[in-house]
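A.B. asks: 3D, please:
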Amino acid sequence: MSQEKITYEDVMEYEKLFTLAPSFVLERIARKNTNLVLKFDGAIRSYLGKLTDDQKSKLDIILSSDVDELQSIMSEAYRRSGKKQYKILANPKYKGFIEDNLDGIRKMI
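C.D. replies: Prediction:
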């Protein structure tokens, strides 16, 4: 996997993936540490199947990023966009949830 540093722009390129679930659903799923990837398997597979090689390479940066670093970027994404999903994903108590679901996406690729 790539060792490049994740940026706000990387996250925003995959906004559809990060905001797939409405914020109230995402909060509930994160709180219960439920596997979001399994719940949205078809939608995620469809989305991933449409990515270009360049987009897949950029997604690899996200998938190989340190979760603390990714959550910092999610916090920035929330400040800039106001989308509640980013605020939820930036919450340190959901670190395990993020790690598990990123692993699920990695396995799909």
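A.B. asks: next structured bit after the particular helix or strand that has Ala77 in it?
C.D. replies: Counting by DSSP states H and E, the element that carries Ala77 is helix 67-81. Per DSSP H and E, the first helix or strand lying C-terminal to helix 67-81 is helix 84-90.
A.B. asks: Dead centre of this protein: give me the residue that sits there.
C.D. replies: Phe18 (4.6 Å; C-alpha atoms, centre = their mean).
A.B. asks: Pretty sure that residue sits against Leu89.
C.D. replies: Yes. Counting by C-beta atoms under 8 Å, Phe18 touches Leu89, with 6.6 Å between them. Glycine gets a C-beta too; all of them are placed from N, C-alpha and C.
A.B. asks: rewinding a little: how about the residue nearest to the centre of the chain: what's its closest non-neighbour residue?
C.D. replies: Gln85 (5.9 Å; C-beta to C-beta, 6 or more residues apart in numbering).
A.B. asks: what about that neighbour, distance to Val25?
C.D. replies: Gln85 is 9 Å from Val25, where distance means C-beta to C-beta, to the nearest Å.
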